[in-house]
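Peer 1: whatever this is, show me its structure:
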Amino acid sequence: MAREMIELSRPECLALLAASNFGRVVISAGRSQVPLIRPVSYGFDESSQSVVFRTLEGSKFHTLGRSASACFEIDGHDPENESGWSVIVIGPTERITRAADIDRIERLDVRTWPDGRRAHWMRIRTRTVSGRRLMPVADA
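Peer 2: As a prediction, the model looks like this:
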C-alpha cells in the first residue's frame, strides 16, 4: 500500500495537542547544552495557546524557567496500517505564577504519573507549530 506524507495545519496541530495528554519536552541543559528529553503529562491551555505541565523544585525541568525556549513533541501511530502523525511545538518557556492562570490550568486536570507533589507549573507557548501525518493512499 502506498503512503503519503501531508503537512498538518496549525488548527489541526492544536486540536491534536488538545486531544492528547502525554508528550516529550526537549531542552538544552547545563554548560554542555546537551539536549535533555523527558516525557511529561501535560494539558493544552487554549487561552494562552500553551502546553502546560508540572515540575518539581530542583528538577532538570526547573531549568526551563531560565531557558529562552524549548521544544515539545507528541505523536500517534497505527502499526497495522504503518501510518501515524507527529506535532512539534517550539516556543518560549516560563514558570506560571499568576494565581488566575494557575486556577485556570488546574481545571485542565493534568495528572502526573510519578508520585510526589509537582509544585511548579511550566508552560511552553506555541510560537512555532508544525505537524505531519503519514497516511495510506487509496490504490488508483
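
Peer 1: from here on, just use CA atoms for contacts and neighbour counts.
Peer 2: OK.

Peer 1: from the contact counts, what lies against the lengthiest helix in the chain?
Peer 2: Scanning the chain for the helix with the most residues, using DSSP state H, yields helix 10-19. Counting contacts by 3 or more CA pairs under 8 Å, 6 or more residues apart in numbering; DSSP states H and E, helix 10-19 packs against strand 43-45, strand 83-96, strand 128-136.

Peer 1: and that helix with strand 128-136, angle?
Peer 2: Taking axes from the mean of the first three to the mean of the last three CA atoms, to 10 degrees, helix 10-19 and strand 128-136 form an angle of 90 degrees between their directions.

Peer 1: and the helix or strand that helix 10-19 is followed by, which strands flank it?
Peer 2: Following helix 10-19 in sequence order, the next helix or strand is strand 22-29 (DSSP states H and E). Paired strands of strand 22-29, with direction, are strand 34-41 (antiparallel), strand 69-78 (antiparallel) (DSSP bridges).

Peer 1: quick revisit: give me whichever of the helices and strands packed on helix 10-19 is most buried.
Peer 2: Looking across the helices and strands packed on helix 10-19 with neighbours counted as mean count of other CA atoms under 10 Å, the highest average goes to strand 43-45: a mean of 24.

Peer 1: no further queries at this time; thank you.
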